[in-house]
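Enquirer: coords please:
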Amino acid sequence: MQKYNLKAFVRPDNTTTIVCPGCKEVKQISVAAYRHTKHSINIRCKCNTRFTVHLDFRNHYRKETDFPGTYRIIKPSGKGSGDIHICNISRGGIGFTVSGLHIMEPGQTLQLEFRLNDKKQTKLIKQARICTVDNNYIGCQFVDQDLMEKALGFYLRP
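Expert: Okay, here's the model as predicted:
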């Protein structure tokens, strides 16, 4: 028996779309009861396929990526820069890795420069505040979330 693990993005109205991996039946379900408790649910479809759905309650859809970029620390010190590898991006933020030693820490503001891997290779320059540092993985929130380039919005469509 095959084990299925799926991920589902939860919309602001606490609903999500579930697609059975066995029969491909699509269902819209409410997951409001799980928002503050459980983030994965076990489902048995009417075709008897059993699977686990991991619920993603993030405010914005996060897209897994694989492209290079650069960073420069602009606040507080303005010292430090280097190459990064962008792992994921959303309307609200970005996650990347940096190779080697770095001096990044939560609260610092960076200027990030990268090209989307879309047809136009769109160049973006964004300011982001560091939220998490886990060894060489850095998680940031964009400083001006109201200013979203059309290209990024189109790129992030699931």
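Enquirer: outside of stretch 6-14, which residues touch it?
Expert: 16-19, 21, 30-32, 35, 51-59, 61, 158 (C-beta atoms under 8 Å, 6 or more residues apart in numbering). For glycine as for every other residue, the C-beta is placed from the backbone atoms N, C-alpha and C.
Enquirer: how confident was the prediction at the closest residue to residue 64 other than its chain neighbours?
Expert: Leaving aside its sequence neighbours, residue 64 sits nearest to residue 88 (C-beta to C-beta, 6 or more residues apart in numbering; 5.3 Å). For residue 88, the pLDDT comes out at 94.
Enquirer: and if you look at residue 29?
Expert: For residue 29, the pLDDT comes out at 92.
Enquirer: please pick the buried ones from the contacts of stretch 6-14.
Expert: By neighbour count, with 16 or more other C-beta atoms under 10 Å, the contacts of stretch 6-14 hold 16, 18, 31, 51, 53, 55 as buried.
Enquirer: identify the bridge partners of the last one.
Expert: Residue 55 has the following beta-bridge partners by DSSP bridges: residue 8.
Enquirer: got the contact list for it?
Expert: Residue 55 neighbours (C-beta under 8 Å, 6+ apart): 8, 10, 16, 31, 34, 38, 39, 40, 41.
Enquirer: redo those residues as TSV? Include distance to residue 100.
Expert: Below are the contacts of residue 55 laid out as TSV (distance: C-beta to C-beta, whole Å):
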residue	distance to residue 100
8	37
10	37
16	39
31	41
34	40
38	39
39	34
40	35
41	41
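Enquirer: so which of these are in strands?
Expert: 8, 16, 40, 41 (DSSP state E).
Enquirer: name the element the residue nearest to residue 64 belongs to?
Expert: Applying DSSP states H and E as the criterion places residue 88 in strand 81-89.
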